[in-house]
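Participant: Structure for this input, please:
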Amino acid sequence: MSFLTIFSAPKPFTNPHIAAIQRNAIQSWLYLGTHFRPEVDVFLVGEEEGMREVACEYSVPLLANVRRNESGTPLVSSIFDLARQASDSPYLAYVNGDILLLPDILRATRQIAEAMTKQRGRHFLLIGQRWDLDVRELADDSLLDFSPGWVDHLQSMARSKGQLHAPAGSDYFVFPRSAFEEMPDFAIGRAGWDNWMIYHARQRGWPVIDGTPSLMVIHQSHDYSHLPGGRPHYDLAESQHNMQMGGGLKHMYMVLDADRQLQHGKIVPPRFTWLRFIRSIEIKLMPESGELRGLRGELTRRLRKLRRKLGKES
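Facilitator: Numbering: from 1, shown residues only. A predicted model of the protein is given here:
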């Protein structure tokens, strides 16, 4: 039995850059499965164009029988159900298809699992900020070199050429397999469902742990050409529907709403920052309804302004 199952529902492999960064991501996950066997399993979920060929190429199990909404978009609930049914791991990690994982994700999950066992807790949610990196600056074809030493090299590149993303987006979720067994039928790849995950965990009283101080999770930058009209997913009707199913604006939580942090292997309350304080007031004053696009734009403006005033959020 593996300790952790990593699963993802990648985009179609038709766009050359998207295909390259998803191949990079898969190889980073498989590195964990190879070097920490039998600690980590990896599954791909869906049947987007090119996915079956890539799954065969990398010998990754493909869970293709995913349910979809009327627009043909895979449902998050089905993706999670398929991974849970195919895996016997006590812990699951959903990861976006453009995210590079490093070995510290496994160490962090073990530290949290041990701490929760001592506290007799069952459920938790591990999230965190990502590092944005344009891999086209590292390789002409966007394909990374995974020869020995790649982890140290990539960390160095992320620090020198990348940027820590504002604490608004969520790209990975680690949780016990018995958590999130029921969820609304959100559309994957659209806004809102990830925010609901954080809100749901907080409302259930589960520790929501910000792993940013202990983890480097790398997002490979890309455009939105894979989406209808090439527009960001916040502009899509499916994102608005996700938000409505999630309970409206007031339930659109983010990394700043985590009530714990992982620091030096310990789960501790997040340190006080004015940014976090202002966010706590903002969420209380948030209206119950409204357009997600408008909310995203306003929050982004506020976060940028606060970051300039208060300095870089750690």
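
Participant: Identify all contacting residues around the helix or strand where Thr5 lies.
Facilitator: Element membership of Thr5, judged by DSSP states H and E, is strand 4-8. Outside strand 4-8, the residues that touch it by C-beta atoms under 8 Å, 6 or more residues apart in numbering are 25-26, 29, 32-33, 39-45, 63, 79, 83, 86-87, 89, 91-97, 101, 106, 109, 174. Using the backbone N, CA and C atoms, a C-beta is placed for each residue, glycine as well.

Participant: partner strands of it, parallel or antiparallel?
Facilitator: strand 40-45 (parallel), strand 91-95 (parallel) (DSSP bridges).

Participant: any residues touching the longest one, and which ones?
Facilitator: Contacts of strand 40-45 from elsewhere in the structure, counted by C-beta under 8 Å, 6+ apart, are 2-10, 26, 29-30, 32-33, 51, 54-55, 60-64, 66, 74, 79, 82-83, 86-87, 89, 106.

Participant: now do stretch 47-58
Facilitator: Stretch 47-58 has contacts (C-beta under 8 Å, 6+ apart) with 9-14, 19, 22-23, 26-27, 30, 44, 60-62, 64, 66.

Participant: circling back: show me just the buried residues among the contacts of strand 40-45.
Facilitator: For the contacts of strand 40-45, a burial check counting by 16 or more other C-beta atoms under 10 Å picks out 2-10, 26, 29-30, 32-33, 51, 54-55, 60, 63, 66, 74, 79, 82-83, 87, 89, 106.

Participant: Tell me where the model's unsure across the stretch 201-314 of the chain.
Facilitator: Residues of the stretch 201-314 of the chain meeting the criterion pLDDT under 70: 223-235, 287-314.

Participant: mind listing the helices for it?
Facilitator: Remark: helices assigned in the stretch 201-314 of the chain by DSSP state H, counting those that start in this stretch are 237-245, 274-285, 292-310.

Participant: separation between Val60 and Val255?
Facilitator: Distance, Val60 to Val255, using C-beta to C-beta, to the nearest Å: 28 Å.

Participant: Trp131 and Leu215 touch, don't they?
Facilitator: No - using C-beta atoms under 8 Å, Trp131 is not in contact with Leu215, being 9.8 Å away.

Participant: on that earlier part again, and the buried ones among the contacts of strand 40-45, which of them are in helices?
Facilitator: Ile26, Trp29, Leu30, Leu32, Gly33, Met51, Val54, Ala55, Ile79, Leu82, Ala83, Leu106 (DSSP state H).

Participant: Tell me which two in these are the farthest apart.
Facilitator: By the measure C-beta to C-beta, Met51 and Leu106 form the most distant pair in these, at 24.9 Å.

Participant: For the residue lying closest to Phe80 once chain neighbours are set aside, give me phi and psi.
Facilitator: Nearest in space to Phe80, with sequence neighbours left out and distances taken as C-beta to C-beta, 6 or more residues apart in numbering, is Phe180 at 6.1 Å. When read as degrees, to the nearest 10, the backbone of Phe180 gives phi 60, psi 40.

Participant: Which pLDDT value does the model give Phe180?
Facilitator: On the pLDDT scale, Phe180 is placed at 97.

Participant: Work out the gap between the strand holding Thr5 and the centre of the chain.
Facilitator: Computed by C-alpha atoms, centre = their mean, to the nearest Å, the chain-centroid distance of strand 4-8 equals 11 Å.

Participant: and if you look at stretch 153-167?
Facilitator: On C-alpha atoms, centre = their mean, the centre of stretch 153-167 falls 16 Å from the chain's centre.

Participant: for it, how far is the first residue from the last?
Facilitator: 25 Å (C-alpha to C-alpha, to the nearest Å).

Participant: Quick check: buried residues in it?
Facilitator: Residues of stretch 153-167 classed as buried: Leu154, Gln155, Met157, Ala158, Gly162, Leu164, His165, Ala166, Pro167 (neighbour count, 16+ other C-beta under 10 Å).

Participant: Check the offset of stretch 99-114 from the chain's centre.
Facilitator: 13 Å.

Participant: May I see the buried residues of that stretch?
Facilitator: Ile99, Leu100, Leu101, Leu102, Ile105, Leu106, Ala108, Thr109, Gln111, Ile112, Ala113.
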